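1. I'll drop the sequence and a predicted model, then ask my questions.
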Amino acid sequence: MPIADELRSGGMLAWEPYCEIRAADTDQEKMRELYKVLNSGGDKVKSAFYSQLVKQEPCLFEALGSIAQTTEALIESLNKYKKWIQREYQYVTEYNSLPGEYVLLSERYTQPLITMKHREKKSKKKRCALWEGVSSSSLSPGITQTRTAPSWIADNKGISPRSVILQGNSGNGKSFTAQKIMLDYASGNIRREEFDCLFHLKCKELNLISGEQSLAELLSHNSNLASDQISQILQKSPEKVLILIDGFDELRFSYSDPSSMPKLSHVSEKGPLEASLKALLKGHILSESFLLVTTRSTATKTLGGLLKHPQRFTEIIGFSEKEVEEYFQRFFQNEDLSRKAFECVKANETLITACSIPVICWIICTVMRERFSDGADVTSGLETTTSIYVDFVSTLLEHHSQGLSQSVMILLRSLGQLAERGMLEKQVLFEEKSVCDTVSDPAGSPFLCKFLFKRRIRQETMFSFMHLSFQEFFTALYFISLAERDFLDKLTERFHSQTQSYLDLYLDEKCPLKYGCPEPHFLPVIQFLCGLSNKEVSSSLKETHNLSVPSFVQAQLEEWILHVSSNRVYNFLPFILHCLYEFHEKEFVQKAMEAWQELDMSWDQLSRTDCWALLYCLDCCPHFRNLKLNFAAAELKMLQPKIVGGLQIAVKSISADTAHILTDFLQSKGKWEEISLRTDDSESLCSSLRLFSFEGKLVLNVVRWCSSSQNEPSLSEIILKCPHSKASSINVKSFLQAFHSVNSTTEESADFDRQVDALLSQLPSVSGLSAINLSVPVLTEAWASRILFLILVLDWLFDAGSKGSDGAEWLPGLLMEEGIKCSKSSERCTHHTKQIEELSCNQRVTIEFCGEKCTEDVK
Ligand SMILES: Nc1ncnc2c1ncn2[C@@H]1O[C@H](COP(=O)(O)OP(=O)(O)OP(=O)(O)O)[C@@H](O)[C@H]1O
């Protein structure tokens, strides 16, 4: 009140508020009333109040000043800390960076997929489904997902977590994400109201700390703040603090007797590392603060048991195909290069799947950048899949395997044994006990993942490789570590016994691998074995891990490939192309291609991956001819530059694009032997169109054409013949377009008729046309008038008069109709079927028009 009295007598306080202050019951209420006056009174009143406070309450004034100073100092150090984080965290040093080389995190970071769900185990009864399911689910982009960073938002029961687990396989980007969160905080990119301060503990570095330390001291290792400043920040508003702990799985706790470990309860209390960390994780210290802990799956269970509640589980799944593409763009910072590189990878099914692991993206892009800078032609082939897997294993062993408890050789061999066992038993999930029997420290291996599954009322722990392809790769690694006899025995076991007898007929008695062909699920292992035999790959293995690939591996596989090639085991051809690609040895590719003479893969459509392998093989043998291929139009475009000589192509799906690509191709290459377009779609009007040469003639053959409203084809076949020399001048484009437009419509028969007319109207443009063979099941009026139309517009064809080389049927100047005629006066047979042919009312008839003359011959 003395201050209020002074302000009143100085004319700074009006009567009414003065009375309010007097009337207030408590000191606090009096202060509140006074505060209102100060707040609305402006600087003059505040200054008068300030002078009175100094005079009448000197001690209080001093204490308030030092609090203000401390707060100011803390804000100042927090700002400096943020600047320090911005400086330190904005760069990324890559595994191969030379001193001074770096990339900016903001330019490179690509948001991975993060889920909030534990994986589910597929039904145990379906071993195959499990096998397929896990292999794809671990990398599949289709998982229920959240794209955002781990979040603290309340769940549907209104509970927000105090601690979040961020699980992820080695190389999936846990540390990268932690770095990004720190940088976002320091740059003001996370929501301000959530956290005032973030700290980052790196377990890898904590392992190097010895002696007793308080939590504040531990946090100071990775900051520019002193431990007492950290203590002050933590005590001031712990509920606004987030502590990131990166790499929990890497912690090496040494406390032998946890019960004798001191229990710490204060941020400044010193204790062994393990005690400080456990107190933090359990919430004995900083119970109100938030924690984000990253870990590999191998340590999730232990972490879950230590962390304070409420907990939330999240998992980094990796990149979907879209993010892989984004990563490539960020990496290359050049539209053209990133597109080329991405297309190359996308064509390789194994690699594009493996690319969901971010570190594999880094390896591939780095290798490809080197290729581009060497001026290598990217279409000559990417590095082999095996070489990328070898690089991946080396990267994880060198940079992600701190403190391995065993030698690399032993680790790789034991992983190989485990992988092989899984391959034999078609198993991708391994029980904990069986893993521990083979691999001495499974949790310490960066290649294994641990899964916790619910099994009725219990939990089940299972292990698996990061992906099935790694299991296949480790099996191949194991095979190369075997002695020759064991290697041959193992391989022999894995080759099909059914094919054995078939192949035995052909294969050389002396060939030790005369056992046929590998079991389908074993094919990737053979492919990896071929890749490991490559000189560069094997010397890199020798250099980095002292692993030698024995020469008998290559010799055996080469011999087997040559035998399969020369004996034309057709359904293995695409696989052999992949093996050749993995070998990546030009001379051997040439040898195998020579053994083929002709490459007939027309029986099934080639995938893009197959086409890349073929592209590489054709690159090694530029003069290889005689290809019979069946692929999509886009693949034709890719292979076009490498195709020489005769070619038979079958293109599935018929679209405007297909017509366009095919036309371009035909215009650029005069030499093709057969083109066929097919649709498998029963809705389509047209099921196949073939262009091929036959006895020196070009033949256009349209088979089974029906309108959607009819079940029966209304046109069975059109065959056009013209000399092959005219092939390049033929306007295939308009045919294809007519074909496409007819094919793409499923409208009523009126449309169908219009489209058929459009196709027939193309015929006059075929120069040198020597014959037309038209097969229609029923000679309707519509067809009769179409034929008359053809006679009119193609009068030169009928006037030509000279006999065709292929017999009377094709005699120019002659219009001949063959068919079945029903002799009944009413209810005539209309459909042409075998049964109808046999009915006595039906007779075979040939009608010939020659000039003005018309004859009917009944058989
Ligand atoms: N989100 C990302 N964006 C771009 N690159 C990434 C991303 N995540 C990971 N990478 C690349 O992968 C490499 C490995 O990532 P990181 O070290 O974060 O893996 P990790 O999950 O912490 O592995 P480990 O468990 O073995 O420690 C990084 O050095 C970087 O090249």
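-> Great, that's in hand.
2. What are the buried residues along whichever strand or helix holds Tyr50?
-> Using DSSP states H and E, Tyr50 maps to helix 27-56. Neighbour-count burial for helix 27-56, counted by 16 or more other CB atoms under 10 Å, picks out Lys30, Glu33, Leu34, Val37, Leu38, Gly41, Val45, Ala48, Phe49, Gln52. No exception for glycine: its C-beta is placed from N, CA and C like everyone else's.
3. now for that helix, which elements pack on it?
-> helix 2-9, helix 15-23, helix 58-89 (3 or more CB pairs under 8 Å, 6 or more residues apart in numbering; DSSP states H and E).
4. ok, 6 Å please
-> Packing contacts for helix 27-56, counted by 3 or more CB pairs under 6 Å, 6 or more residues apart in numbering; DSSP states H and E, involve helix 2-9, helix 15-23.
5. pLDDT at Thr658, what is it?
-> pLDDT recorded at Thr658 is 65.
6. one step back: make TSV out of the helices and strands packed on helix 27-56 and add mean neighbour count.
-> TSV is the format used below for the helices and strands packed on helix 27-56 (neighbours: other CB atoms under 10 Å):
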stretch	mean neighbour count
helix 2-9	16
helix 15-23	14
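7. could those go into a markdown table alongside distance to Glu288 and mean pLDDT?
-> Formatted as a markdown table, the helices and strands packed on helix 27-56 follow (distance: least, CB to CB, whole Å; pLDDT from 0 to 100):
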| stretch | distance to Glu288 | mean pLDDT |
| --- | --- | --- |
| helix 2-9 | 37 | 90 |
| helix 15-23 | 37 | 92 |
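8. could I get these as TSV with distance to Val241?
-> Formatted as TSV, the helices and strands packed on helix 27-56 follow (distance: least, CB to CB, whole Å):
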stretch	distance to Val241
helix 2-9	38
helix 15-23	40
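9. Could you dump those into JSON lines with distance to the ligand added?
-> Output for the helices and strands packed on helix 27-56, formatted as JSON lines (distance: least, CB to the nearest ligand atom, whole Å):
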{"stretch": "helix 2-9", "distance to the ligand": "60"}
{"stretch": "helix 15-23", "distance to the ligand": "60"}
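10. can you list the residues of this protein near the ligand?
-> With the criterion set to CB under 6 Å from any ligand atom, the chain comes near the ligand through 108-110, 112, 168, 170-176, 247, 296, 327, 358-359, 362, 400, 446.
11. between the helices and strands packed on helix 27-56, which gets nearest to Ser602?
-> When the helices and strands packed on helix 27-56 are compared by CB to CB, helix 15-23 sits nearest Ser602, at 98.7 Å.
12. helices or strands up against that closest one?
-> Contacting helix 15-23 under the criterion 3+ CB pairs under 6 Å, 6+ apart are the following elements: helix 27-56.
13. make it 7 Å
-> Other elements packing on helix 15-23 under the criterion 3 or more CB pairs under 7 Å, 6 or more residues apart in numbering; DSSP states H and E are helix 2-9, helix 27-56.
14. will you turn these into JSON lines that also has distance to Asn630?
-> Formatted as JSON lines, these follow (distance: least, CB to CB, whole Å):
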{"stretch": "helix 2-9", "distance to Asn630": "97"}
{"stretch": "helix 27-56", "distance to Asn630": "84"}
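15. Out of the ones you listed, which gets the lowest mean score?
-> Among the helices and strands packed on helix 15-23, helix 27-56 carries the lowest mean pLDDT, a mean of 86.
16. neighbours of whatever residue of the chain ends up closest to the ligand, just the number please.
-> Residue of the chain nearest the ligand, by CB to the nearest ligand atom: Gly173 (2.4 Å). By the criterion of other CB atoms under 10 Å, Gly173 has 26 neighbours.
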